[in-house]
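coords please:
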Amino acid sequence: FYPYTKDLALVDNAAAVTIGSAAAGVQTQTGYDNKAHVSGKGMPLYGTVMGVEEGKVPAADLNHIASVLELDIISCMPQAVNISEVKITAGEDIVGSYTVDFVTGTVTPVEGATSKTAVLKVNEPGALENGQTAKFYFVVKPFTAAAGDVFKISVNGSEKEITLKDALVFAPG
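From the prediction side, this is the model:
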């Protein structure tokens, strides 16, 4: 498991992990178009090694546990805006505490510890002028949103609903 933590405990080949943020938590991005927060501890990895011969050095291919959702926002305001918070609400849980089976890669929600809403705080937001685009990145659990599913997107408290025309797969990694 990466990043390693001394508190990691395996039970029946599974361990608890936070994906994105705790259920009531916030992810933080610095400025626009910045992906730094979706690496390292924000994007946990796992690998499985079995049957290592004595005296051999084990090696494992690492697999992603979480997915990254990129949201492009185009300003349509006549004046420049500073985007300080973006929220995405899906039709199912997308952030929180999950168990991960390290043999199968199956992600299972921990009851009462997940949320359908991912919250992204933006530190040091710049002025986004009319017609300009900014990118925002969320760490979410892997899932598939079906055609017809509705996403609610909130930017600085203003909300818009988007209905998917086609299925959308948020794959690990």
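
switch to C-alpha atoms for all contacts and neighbour counts from now on
Will do.

Confidence-wise, which helix or strand of the chain is lowest on average?
Least confident helix or strand of the chain, by mean pLDDT, DSSP states H and E, is strand 14-19 with a mean of 83.

who does the helix or strand hosting residue 135 touch, helix- and strand-wise?
Assigned by DSSP states H and E, residue 135 belongs to strand 133-140. Packed against strand 133-140 by the contact rule (3 or more C-alpha pairs under 8 Å, 6 or more residues apart in numbering; DSSP states H and E) you find strand 27-30, strand 67-74, strand 117-123.

Give the bridge partners for the most centrally placed residue in the chain, please.
For the chain, the residue sitting closest to the mean C-alpha position, by C-alpha atoms, centre = their mean, is residue 139 at 1.4 Å. With DSSP bridges as the criterion, the beta-bridge partners of residue 139 are residue 68.

What pLDDT is listed against it?
Looking at residue 139, its pLDDT is 94.

How about residue 36?
Looking at residue 36, its pLDDT reads 91.

Okay, now stretch 116-136: how far is its last residue from its first?
According to C-alpha to C-alpha, to the nearest Å, stretch 116-136 extends 18 Å from its N-terminal end residue to its C-terminal end residue.

Report the separation between residue 1 and residue 52.
The spacing between residue 1 and residue 52, counted by C-alpha to C-alpha, is 17 Å.
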